[in-house]
Each structure stands twice: as structure tokens, then as C-alpha cells.
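Peer 1: Sequence first, then the predicted structure, then my questions.
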Amino acid sequence: MKRVGIIGAGSAGLFAAYELGSANKDLEITIFEQGRDVPQRKCTSTEFYCRQCQPCNIMAGVGGAGVYSSGILNLNPNIGGDLAHLAGSEVLAQEIINYIDKIFLEHGAPQTLFVPENGEHKVDHLIRKAASVDITYIPVVQRLLGSENSPAVITALKKTLEKKLGVKFRLETQVTDITRDLVLTTTPRAETFPFDFILIASGRVGMEWLEGVCESLKIKTFHGPIDIGVRVEVPSILFNNICSIQRDPKFHIYSNKYNDFMRTFCVNHEGFVVREMYDDNRAGVNGISYLTKKSKNTNFAFLTQMNLTAPLEDSTLYGRLIAKQTTILGGGNPLVQTLGDLRRGHRSTPSHIQQNPVQGTLKSATPGDIAMAYPGRILDDISDGLLRLEKVIPGIANNSTLLYAPEVKFAAKKIDVKKNLESAQVPNLFVAGDGAGLSRGIIGAAVTGILAARGILANL
Ligand SMILES: Cc1cc2nc3c(=O)[nH]c(=O)nc-3n(C[C@H](O)[C@H](O)[C@H](O)COP(=O)(O)OP(=O)(O)OC[C@H]3O[C@@H](n4cnc5c(N)ncnc54)[C@H](O)[C@@H]3O)c2cc1C
């Protein structure tokens, strides 16, 4: 009997456990999760907190960050990380994605699949329209779990892991330390557990802790790029056509002036902008959509990718400073500004926001001036990108368009891994998911969980 310890019950950890448990080997698999069980109550608040849902007093737990999200499953290897490279080829990555999708379906995910629709050549038309302004449109097949469904799907998956595959869960148990000979220490009950294999899948919430582990185990890490931008909110009618082709349309752009890579991300048609609060009193914004509850707006993240080189390679620090500065200007809350005010060079005032034709869904954002907080380069990219997107989605660059900040997608430091996601420095220690800088998204994290599990099985 070999013992496998998995840290984190997010998408990466759960799918790794599924793969290991299904392999029919003599394995004892334990998942350590610092949060609680899958939240059973539906969160009805549109004020969303990343780590602790304060209105409902629920701690994020089994299911990880994904369980509170809209649960858009991007079933395409070009989205959510360098999955083709990690899996060995695009075909292999797609095979794993299809396998994960099947597991989601078996555990109650809605059958409806959003396939970029090509009736009357709609997709071709969109690709052509985007290409005419140097924008790449990426058609992606998607499945929507929906915020209301996600907890039930994760609960069913956990039941399979426990009842059928014999996986043990240690909830409300935080792993504090790992030694080179694979012994874990936990809190609040100070216990130690020896393992033959360890998989760290601690997500973004655990990325600083993982950095500390890497430092103490002398595991090499590298800074990756960071995505900084705004959350854009417009009337949903502007997106009706485009979202009828693809639920979460993906556009990639290289900005005119700086040639920075930009992308649209996490489109929430008829959704809500939500606020996140972090431990260091830093605010953030995100988006969410429900299957039943609808707003009159559509929001999406519009991000520009910043690659930093010496002397400041620490992209996380850079992003955090910008987010902190924005939060300070917002009096502890995110900032909201109309695109018109940003263009005219003055702050949005509460009365202007009240009269604005687009009425925002995040009421706690402070009307202000994003230009006081963001570097000019990022603002240039955003203005240029929105003007080009206007040619594809008319109305998107109107003066009434709302911009929320800070919208920062922190990428964890990349960890030096071999093929199969085993640490290059510590044998039989594996990493997976967003926390290791390997993925961005539910499916991407699950793919890396499965790859790491296969790595463990290969080492048996
Ligand atoms: C608001 C929001 C909306 C999103 N919407 C989407 C979407 O629609 N589609 C999509 O694909 N992605 C979405 N994402 C991103 C997606 O949720 C993540 O990419 C995904 O959950 C990453 O999975 P993971 O397993 O790597 O990490 P996580 O899901 O973050 O799981 C990591 C787990 O590890 C636990 N943990 C951390 N450290 C420790 C420790 N020391 N000891 C014990 N446990 C620990 C954490 O509590 C957590 O449960 C969204 C994210 C957010 C925040």
C-alpha cells in the first residue's frame, strides 16, 4: 500500500484524486483541505468574496475557487494554460478535456453544450470581422455549470471519491509544512503524516504558502507574466448576438502602441460584477452569472499581459501595488469610472454614475478616476483595445461604458517541474493547478491534476 497526500480540494486536487482512485492500484489517498465541505446553501448575494462569502458566512472549501464561480467549462486546450505543451500535444490535451467533461456530466453537469454556432456562417463572419481590425476570435466549446449547480456537482463528485474510490477527506485541516522526505504537518490539530507521494494543488489562495514551501525545500521557481486590466460593463443587448454564437467569447488582441497581449476573459452575459476582498484589505473585481437570476448588463475582464524583467521581475508585487493603490483611492472599495470620464480626464462622481445610461450591478464600487491608480501604458492598451473591439461589438466603447478596477489576475510563480509535473528537485513531490502557475481555470486545473496523477502512477 502506497500513501498519497493531496493538498487542496479544488479542481486540480479532486480530479487528481479521481484519476488515482480509478486506477485500481493499492493506494491510500488523503485530501487535505483547509476550508469546509462543499457549501450547501446558495449564495444569493451579488457582493462576492473570493475566500470568505461574508453574507452567508461560508468558507471556500471542497470545490475550491471554482465552486463559487459561474462554472464556465472551457473545453478547448488553447484556453486555461499551456495545456497542449503540458499534455504532449493538442490532441492529447483535448482527450483529457473530453474525459474531464464526461466526469462532470456523470456528476450532474447540465447537458447543454455551448458550441460556437455557425448557422448562416455566423462564426466565419465573426472571425472575419475581428480579423479586419487585427483581433483574433477563438471559438471555444463551453459547458456552463452555473453558480446554482456547481455545489451539487462537486458534492456528487466528492461522494464518488469517498464512497466508490475510497478517498479520505481531512477538512478544515491546513497543511503548514512539508519536508523533503514527504512528511506533512497540519494545523489546527498539530499532526504529522508521512507519504510516499505528495501532490500540492493549493490554488491561488495557497500560492504564497506554496512559495514558502518551495523556498524551504530549495525548489526553483520563476516569475510568470501578470494580467492587469479592468472589468467592463455594458448593456447586455450589445452582447446578445455575440453570446448567441459563444457564451464566453474570447478575443485576443496585440495593442497598437506597445504590442502588449490583451484578451477578453470571463464574459458574464446578463451577469453581475462582484467585489473581492483580500487579507491585506486589497479589493478586486470579478464577474458572475446565474442560470436563473439575470441582470440587464454584460460584464467581462479586459486584461493586458505584463511581462517584467530585471530589476523588477516580481509580477505579483507589481500587480499587488497597483491593486492596493486603486483600493486606497476607492476608500477601501474598487473604483468605477465611465469610459467617457476616463477619456475626458476627470473622475466619475456619484451623481454622474447615478445618471449614467448604464447602471452598474456592483453598487459598492466608488466612483473615481482609474487614471490616478493605473500606469498610462495599461490605460492606453485598454482604450486602444476597446476602440478596436467596437468594430466587432458596436457600442462597447461608448462613453457610458463602465470600467471597474482593480481587475488583476495574479499568476502564481511557475515551479521547476519535470514532465508529469514532478518537482525537478524533490522526487515524488508533484504540483498541479493555478497555485503552481500551471493553469488558469477549472478545466485547465483539472487537466494538470490528471497529468500529475498519471505521473504518480508512472512512478509507482
Ligand atoms: C469569482 C471567480 C470566478 C471564476 N470563474 C471561472 C469560470 O467560470 N470558469 C473557469 O474555468 N474558472 C473560473 N475561475 C477560476 C477557477 O475557479 C480556478 O482556475 C480553479 O478553481 C483553480 O483550481 P485549483 O484546483 O488550481 O485551485 P482552487 O480551486 O483554488 O483550490 C485550491 C484549494 O486548496 C485549498 N488550500 C490551499 N492551501 C491549502 C493548505 N495549505 N492546506 C489545505 N488546503 C489548502 C484551498 O482552500 C482551495 O480549496 C473563477 C475564479 C473566481 C475566483
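Peer 2: Noted; the coordinates are in hand.

Peer 1: Which residue is the nearest non-sequential neighbour of the closest residue to the ligand within the stretch 51-200 of the chain?
Peer 2: The nearest approach of the stretch 51-200 of the chain to the ligand comes at residue 64, 2.1 Å away (CB to the nearest ligand atom). For every residue, glycine as well, the C-beta is placed using N, CA and C. Distances taken as CB to CB, 6 or more residues apart in numbering put residue 10 closest to residue 64, at 2.3 Å, once the chain neighbours are dropped.

Peer 1: my guess is the residue of the stretch 51-200 of the chain closest to the ligand meets residue 204, correct?
Peer 2: No: with contact defined as CB atoms under 8 Å, residue 64 does not count as touching residue 204 (9.2 Å).

Peer 1: Looking only at neighbour counts, state which of these two leads.
Peer 2: More neighbours surround residue 64 than the other of residue 64 and residue 204, with 30 against 21 (other CB atoms under 10 Å).

Peer 1: and residue 310, how many neighbours?
Peer 2: 5.

Peer 1: ok, now residue 355?
Peer 2: Residues lying near residue 355 (other CB under 10 Å) number 10.

Peer 1: same deal with residue 87?
Peer 2: Under the criterion other CB under 10 Å, the count of neighbours that residue 87 has is 21.

Peer 1: Can you report phi and psi for it?
Peer 2: With angles defined as degrees, to the nearest 10, residue 87 sits at phi -80, psi -20.

Peer 1: Contact partners for it?
Peer 2: In this structure, residue 87 makes contact with 77, 93, 95-96, 447, 451, judged by CB atoms under 8 Å, 6 or more residues apart in numbering.

Peer 1: Try it again at 6 Å.
Peer 2: By CB atoms under 6 Å, 6 or more residues apart in numbering, the residues touching residue 87 are 93, 96.

Peer 1: And for residue 229, nearest residue in space, chain neighbours not counted?
Peer 2: Nearest non-adjacent residue to residue 229 (CB to CB, 6+ apart): residue 303, at 3.8 Å.

Peer 1: Spit out the contact partners of the one you found.
Peer 2: Contact partners of residue 303, counting by CB under 6 Å, 6+ apart, are 227, 229, 263, 265.

Peer 1: quick one, helices of the protein?
Peer 2: In the chain, the segments counted as helices under DSSP state H are 11-22, 83-87, 90-106, 122-131, 150-159, 207-216, 240-245, 315-329, 339-344, 350-355, 376-390, 442-459.

Peer 1: Any residues of the stretch 351-460 of the chain in contact with the ligand? List them.
Peer 2: Within the stretch 351-460 of the chain, the residues that sit near the ligand (CB under 6 Å from any ligand atom) are 433-435, 440-443, 445.

Peer 1: most surrounded residue in those?
Peer 2: These, ranked by neighbours (other CB under 10 Å): first place residue 433, 39 neighbours.

Peer 1: Any regions of this protein where pLDDT drops low?
Peer 2: Within the chain, the stretches with pLDDT under 70 are 39-60, 68, 120.

Peer 1: Could you count how many residues lie near residue 220?
Peer 2: Look at residue 220: counted by other CB under 10 Å, it has 13 neighbours.

Peer 1: what do you get for residue 1?
Peer 2: Residue 1 is flanked by 7 other residues according to other CB under 10 Å.

Peer 1: excluding its backbone neighbours, what's nearest the residue in the stretch 251-400 of the chain positioned nearest to the ligand?
Peer 2: Closest to the ligand within the stretch 251-400 of the chain is residue 286: 4.1 Å, counting by CB to the nearest ligand atom. Excluding its sequence neighbours, the residue lying closest to residue 286 (CB to CB, 6+ apart) is residue 274, at 5.2 Å.

Peer 1: contacts for stretch 207-215?
Peer 2: Stretch 207-215 is contacted by residues 178, 202, 221, 412-413, 435 when judged by CB under 6 Å, 6+ apart.

Peer 1: Stretch 243-257 too?
Peer 2: Stretch 243-257 is contacted from outside by 72, 114, 116-117, 122, 126, 135-138, 140, 142, 242, 262-264, 267, 269, 380-381, 384-385, using CB under 6 Å, 6+ apart.

Peer 1: Narrow those residues to just the buried residues.
Peer 2: In those, burial by neighbour count holds for 72, 114, 116, 122, 126, 135, 137-138, 140, 142, 242, 262-264, 267, 269, 380-381, 384-385, counting by 16 or more other CB atoms under 10 Å.

Peer 1: From the ligand, how far off is the residue nearest to residue 64?
Peer 2: According to CB to the nearest ligand atom, to the nearest Å, residue 10 stands 2 Å off from the ligand.

Peer 1: neighbours around that residue, how many?
Peer 2: The number of residues packed near residue 10 is 32, by other CB under 10 Å.

Peer 1: For the closest residue to the ligand within the stretch 201-350 of the chain, which residues are in contact?
Peer 2: Residue nearest to the ligand within the stretch 201-350 of the chain: residue 203 (2.1 Å; CB to the nearest ligand atom). With contact set as CB under 6 Å, 6+ apart, residue 203 has these partners: 8, 10, 64-65, 433-435.

Peer 1: For it, what are phi and psi?
Peer 2: Dihedral pair for residue 203: phi 70, psi -180, per degrees, to the nearest 10.

Peer 1: again with residue 412
Peer 2: phi -70, psi 160.

Peer 1: Would you agree residue 5 is in contact with residue 197?
Peer 2: No: in this structure, residue 5 is not within contact of residue 197 by CB atoms under 6 Å, at 7.4 Å.

Peer 1: care to break the chain down by domain?
Peer 2: 2-110+145-221+414-459, 226-409 (automatic domain parsing).

Peer 1: Okay, residue 194 and residue 180: tell me how far apart.
Peer 2: 12 Å (CB to CB, to the nearest Å).

Peer 1: before we move on, what about residue 285?
Peer 2: From residue 285 over to residue 180 (counting by CB to CB), the distance is 40 Å.
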